[in-house]
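Participant: Sequence and predicted structure, then a few things I'm wondering about:
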Amino acid sequence: MYGRYTQDLGVFAKEEAERLREEAAFRRLVKERSRSLELLEYEKGRCAKCKICTVHCQKFLISRVGEDWIFLILLGLVMALVSFVMDFCIAICLQAQKWMYGGLDSNMVLQYLAWITYPVVLISFSAGFTHIVAPQAAGSGIPEMKTILRGVVLKEYLTLKTFVAKVIGLTCALGSGMPLGKELTQKESLVTLLDNRTWAKQGIAEEFEYDGHAAAWKHPQANVFITLVIFIVMKFWMSALATTIPVPCGAFMPVFVIGAAFGRLVGESMAAWFPEGIHSDGVVYSIVPGGYAVVGAAALSGAVTHTVSTAVIVFELTGQISHILPIMIAVILANAVAQSLQPSIYDSIIRIKKLPYLPELGWGHHEKYNIRVEDIMVRDVRFITLNCTYRDLHDVLLSERLKTLALVESSESMILLGSIERAQLQALLSHQLGRPRRLEYLRQRSQNERKLSNTNGSEDCVHKANQEVRFQISTEESSFSPPRSISPKPLKPALKRQSVVERGSQIPSNQDSGIALKSLFCAHPDIERAEEEDIEDDMTMREIAEWEEQQLDEQVNFNNCKIDPAPFQLVERTSLHKTHTIFSLLGLDHAYVTSIGRLIGVVSLRE
């Protein structure tokens with residue numbers, strides 16, 4: 001008893017020790033695999049510590065590079081660098097135009113040609129480069145970004161080539177001096193328009209001494225009021241024409257300059273009417289035309305874009321908030337009036353380009369809030385049933401260009417089961433009528449034919465073999481031969497005789513039996529592939545059409561299709577305001593209208 005116990009205990013101890021050794025070895029293996037290969041390679045080198053430090057730094061960066069703040073820092077640095085390079089190139093282009101104009105002062109005709117040709121060449125290059133590389137880069141890009149932020153995917157708008165076309169095209173367009181885009185091209189106009197000094201007293205140009213950039217507003221035969229009016233009119237139609245050119249451009253700064261000019265006109269008028277300032281409670285408030293220009297710029301840009309944030313842009317641009325109250329009042333009033341009259345410039349571009357964007361309902365239209373979904377939904381809904389055929393699927397895909405189709409239980413119940421994307425349905429139809437399935441059909445037909453021929457050939461061979469065996473037996477056991485004693489010697493000639501199969505192979509047979517035996521004993525993949533290709537080549541267009549007609553009559557198998565089991569649904573009594581809010585917040589493209597689970601209509605952005 002004691003010996004048996006100690007023996008079992010020893011075996012148990014050995015097994016436990018073996019298990020512990022295996023666990024330790026496994027832990028060491030996992031630890032070694034987790035270590036970097038570079039670290040294992042350079043452990044015994046002279047620079048082992050440097051390599052270890054490098055590997056640790058690399059691991060730290062790789063582990064941290066997936067965080068958002070790394071990408072935000074890199075994005076800020078890259079965008080600042082791109083903006084600096086663009087400003088530098090634009091300044092060089094503008095200086096080159098002035099240098100060319102000044103170098104040809106001896107010939108007025110050459111000066112005129114150089115002044116006209118230079119911007120035409122840059123604008124033509126910008127338009128051609130944008131059209132060749134990325135036509136999506138034309139325009140300001142804000143309407144497209146509003147559409148993308150809503151959830152719509154626009155093709156090739158956020159790609160590298162669009163970015164390159166945008167940078168190069170915008171640099172050339174702004175370098176030409178056209179009234180487009182950034183404030184750098186409008187610097188001289190803004191500097192003079194936002195000047196706090198009064199340009200004229202009582203509207204007489206000769207009474208004011210111009211200096212610096214303000215000298216450009218002086219005309220010997222006209223006062224500053226006429227100059228400002230001409231500037232506003234010319235700037236208005238030139239900016240409207242320039243923003244329609246198919247080049248990367250912006251419409252905010254031209255509108256900002258026009259508003260500043262209009263505000264400057266009002267400020268100069270106030271200075272002319274009240275040359276000593278406005279008296280109030282014994283305090284004289286002097287007229288500052290630059291303040292009127294700032295308010296006018298903020299008000300007009302806010303009215304055009306339907307945004308209040310232009311006030312903040314003005315504060316950042318001027319670097320002061322001393323006119324915060326008049327700016328906010330003017331921006332709010334201009335925004336309210338503009339929204340009641342027309343959509344913003346970006347919404348107008350969206351409508352012109354027919355982008356899938358959902359505009360705001362607007363305020364003041366109370367009748368829109370009484371509209372229900374049942375009043376605007378489309379009742380003729382295109383759908384597919386669960387037991388439909390491929391022919392029905394084919395007809396639906398040909399008749400409609402919808403991206404998603406509703407899946408219902410049957411045409412009688414109309415119970416909504418889900419929705420299927422058009423790409424999935426096209427994949428099902430392509431798989432059903434595609435070449436691989438036709439090859440499979442031909443392969444099965446060929447196999448069936450070979451099985452049939454093998455069966456017939458085997459029966460013929462067995463029948464002939466039986467006849468051959470009977471002939472051999474009748475020859476050996478013939479009654480004409482003398483009786484022989486039983487001994488092993490007579491077996492030798494029997495062993496020397498050819499086998500039944502070998503004799504059968506020498507017996508002439510039909511071609512089908514030979515092919516069947518060959519495929520049975522000497523089958524080869526290349527031969528089978530060649531036979532399949534021959535069979536496919538033998539199929540005529542009529543046979544293929546008949547086969548496709550047979551395939552179209554089969555029932556659709558949705559097992560390998562991705563179905564959205566819970567598409568977004570609305571009830572028929574949902575208000576238009578709630579529907580608009582849901583579409584805007586969720587970025588929906590369409591929603592099905594159901595009643596107790598039955599599909600009765602669909603609402604999309606078009607409605």
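Facilitator: Yep, it's here. Residues are numbered from 1 along each chain as shown.

Participant: which residues of the chain score low on pLDDT?
Facilitator: Residues of the chain that meet the criterion pLDDT under 70 lie in 1-10, 29-49, 58-67, 181-222, 361-367, 456-539, 607.

Participant: Helices of the stretch 51-200 of the chain, residue ranges please.
Facilitator: 68-103, 108-133, 142-149, 160-175, 187-193 (DSSP state H, counting those that start in this stretch).

Participant: Relative to Leu452, which of these is closest?
Facilitator: For Leu452, the closest of the helices of the stretch 51-200 of the chain is helix 160-175, at 60.3 Å, according to CB to CB. No exception for glycine: its C-beta is placed from N, CA and C like everyone else's.

Participant: gap between that closest one and the chain center?
Facilitator: Taking CA atoms, centre = their mean, to the nearest Å, one finds the center of helix 160-175 at 21 Å from the center of the full chain.

Participant: Now do it and helix 68-103, the angle between them.
Facilitator: 30 degrees (axes from the mean of the first three to the mean of the last three CA atoms, to 10 degrees).

Participant: can you map out the strands along the stretch 151-300 of the chain?
Facilitator: Assigned by DSSP state E, counting those that start in this stretch, the strands in the stretch 151-300 of the chain fall at 278-280, 283-285.

Participant: now those strands in JSON lines, with mean neighbour count and distance to Ile116?
Facilitator: What follows is the strands of the stretch 151-300 of the chain, written out as JSON lines (neighbours: other CB atoms under 10 Å; distance: least, CB to CB, whole Å):
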{"stretch": "strand 278-280", "mean neighbour count": "10", "distance to Ile116": "46"}
{"stretch": "strand 283-285", "mean neighbour count": "9", "distance to Ile116": "47"}
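
Participant: Tell me which of those strands sits nearest to Leu154.
Facilitator: In terms of CB to CB, the element of the strands of the stretch 151-300 of the chain nearest to Leu154 is strand 283-285, at 51.6 Å.

Participant: tell me which strands and helices the closest one is in contact with?
Facilitator: For strand 283-285, the packing partners by 3 or more CB pairs under 8 Å, 6 or more residues apart in numbering; DSSP states H and E come out as strand 278-280.

Participant: List the pairing partners of the strand it packs on within its sheet, with orientation.
Facilitator: strand 283-285 (antiparallel) (DSSP bridges).

Participant: quick one: contacts of the partner strand?
Facilitator: Strand 283-285 has contacts (CB atoms under 8 Å, 6 or more residues apart in numbering) with Glu276, Gly277, Ile278, His279.

Participant: wait, Glu268 sits on Thr227?
Facilitator: No: if you go by CB atoms under 8 Å, Glu268 and Thr227 don't touch, sitting 10.0 Å apart.

Participant: which of these two has more neighbours?
Facilitator: Glu268 (24 against 20; other CB atoms under 10 Å).

Participant: Ignoring the adjacent residues along the chain, who's closest to the more buried one?
Facilitator: Of all residues not flanking Glu268 in the chain, Pro289 sits nearest, at 5.3 Å (CB to CB, 6 or more residues apart in numbering).

Participant: How many residues are close by the one you found?
Facilitator: By other CB under 10 Å, neighbour count at Pro289 equals 25.

Participant: quick one: it and Leu417, what's the gap?
Facilitator: 70 Å (CB to CB, to the nearest Å).

Participant: Report how many residues lie close to Cys53.
Facilitator: Cys53: 11 neighbours (other CB under 10 Å).

Participant: cool, and Glu276?
Facilitator: So Glu276, with other CB under 10 Å, has 8 neighbours.

Participant: do the same with Glu16
Facilitator: If you count neighbours by other CB under 10 Å, Glu16 ends up with 10.

Participant: so what's it up against?
Facilitator: Counting by CB under 8 Å, 6+ apart, Glu16 has no contacts.

Participant: sec struct for it, please.
Facilitator: For Glu16, the assignment made with DSSP: H, G, I helix; E, B strand; the rest coil gives helix.

Participant: okay, now the domains of the chain?
Facilitator: The chain is divided into the following domains under automatic domain parsing: 2-61, 82-353, 373-428+561-604.

Participant: returning to that earlier point: quick check: the residue nearest to Glu268 vs Gly263, distance?
Facilitator: As for Pro289, its distance to Gly263 is 8 Å (criterion: CB to CB).

Participant: just Met108 next, same as before
Facilitator: With distances taken as CB to CB, Met108 is found 36 Å from Gly263.

Participant: Neighbour count for those two, which is higher?
Facilitator: Gly263 (25 against 9).

Participant: Does the residue nearest to Glu268 touch Arg264 like I think?
Facilitator: Yes: counting by CB under 8 Å, Arg264 is a contact partner of Pro289 at 5.7 Å.

Participant: which neighbours do the two share?
Facilitator: By CB under 8 Å, 6+ apart, no residue touches both Pro289 and Arg264.

Participant: which stretches of the stretch 301-450 of the chain form strands?
Facilitator: Secondary structure of the stretch 301-450 of the chain (DSSP E, counting those that start in this stretch): strands at 383-385, 404-408, 416-421.

Participant: so of the ones you listed, which one's packed in deepest?
Facilitator: Highest mean neighbour count of the strands of the stretch 301-450 of the chain: strand 404-408, a mean of 21 (counted as mean count of other CB atoms under 10 Å).

Participant: Good, we can wrap up now.
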